[in-house]
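**Q** sequence and predicted structure are below.
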Amino acid sequence: MSNDHPRMARENNTIEAMISIYCHGQHGKKDELCFECRELFNYDRERLNKCPFQENKTTCAKCPVHCYRPVMREKIRVVMRYAGPRMFYQHPILTLFHFIDGLRKEPVRPQQKVGNS
């Protein structure tokens with residue numbers, strides 16, 4: 001993954017903050033994530049690593065490629081519905097950047113190179 005790119009690092013920070021807010025509010029965990037939320041975060045990080053758009057991506061909600069399994073996509077929707085309104089108070093800068101990222105146009109999927117065999 002190009003997690004070295006500031007856009008991708010910020011995306012990771014945003015989802016970690018959202019899952020942390022959710023876990024703290026719903027599962028009572030303060031310093032660390034519970035097993036279920038840690039599993040969701042690890043899954044999200046794996047999906048982000050494999051994102052075909054990388055730093056050119058919009059928010060996942062507006063993405064033309066749905067790379068989450070349906071069960072995990074529903075879990076992250078629940079987290080975002082809970083954490084989204086609370087993000088502004090705890091992480092205003094991340095919230096602002098997430099809003100700006102949501103204004104990006106839907107990315108065009110990169111063409112795969114075809115080798116001459």
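**A** Happy to help now that I have it.
**Q** leaving out sequence neighbours, find the closest residue to T58.
**A** Nearest residue to T58, sequence neighbours excluded (Cβ to Cβ, 6 or more residues apart in numbering): R104, at 4.3 Å. For every residue, glycine as well, the C-beta is placed using N, CA and C.
**Q** next, that neighbour: secondary structure please.
**A** Classification of R104 by DSSP: H, G, I helix; E, B strand; the rest coil places it in coil.
**Q** buried stuff in stretch 94-103?
**A** Residues of stretch 94-103 classed as buried by neighbour count (16 or more other Cβ atoms under 10 Å): L94, T95, F97, H98, D101.
**Q** gap between the helix or strand harbouring the fourth one and the chain center?
**A** Secondary structure assigned from DSSP states H and E places H98 in helix 92-102. In terms of Cα atoms, centre = their mean, to the nearest Å, the gap separating the centre of helix 92-102 from the centre of its chain is 12 Å.
**Q** packing partners for that helix?
**A** Where contact means 3 or more Cβ pairs under 8 Å, 6 or more residues apart in numbering; DSSP states H and E, helix 92-102 is packed against helix 6-27, helix 70-90.
**Q** give me the helices and strands touching the last one, please.
**A** So the one you mean is helix 70-90. helix 6-27, helix 35-49, helix 92-102.
**Q** the longest one - what's its average pLDDT?
**A** Going back to what we said before, that points to helix 6-27. When pLDDT is averaged along helix 6-27, the result is 91.
**Q** what are the buried residues along that helix?
**A** Buried positions in helix 6-27, judged by neighbour count with 16+ other Cβ under 10 Å: 8, 10-12, 14-24.
**Q** check the second one too.
**A** Taking 16+ other Cβ under 10 Å as the neighbour-count basis, helix 35-49 is seen to contain the buried residues C37, L40, F41, D44, R45, R47, L48.
**Q** columns pLDDT and distance to P85 on top of those, output as a markdown table?
**A** Shown next, in a markdown table, are the buried residues of helix 35-49 (pLDDT from 0 to 100; distance: Cβ to Cβ, whole Å):
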| residue | pLDDT | distance to P85 |
| --- | --- | --- |
| C37 | 95 | 18 |
| L40 | 96 | 19 |
| F41 | 95 | 20 |
| D44 | 92 | 20 |
| R45 | 92 | 24 |
| R47 | 91 | 24 |
| L48 | 88 | 23 |
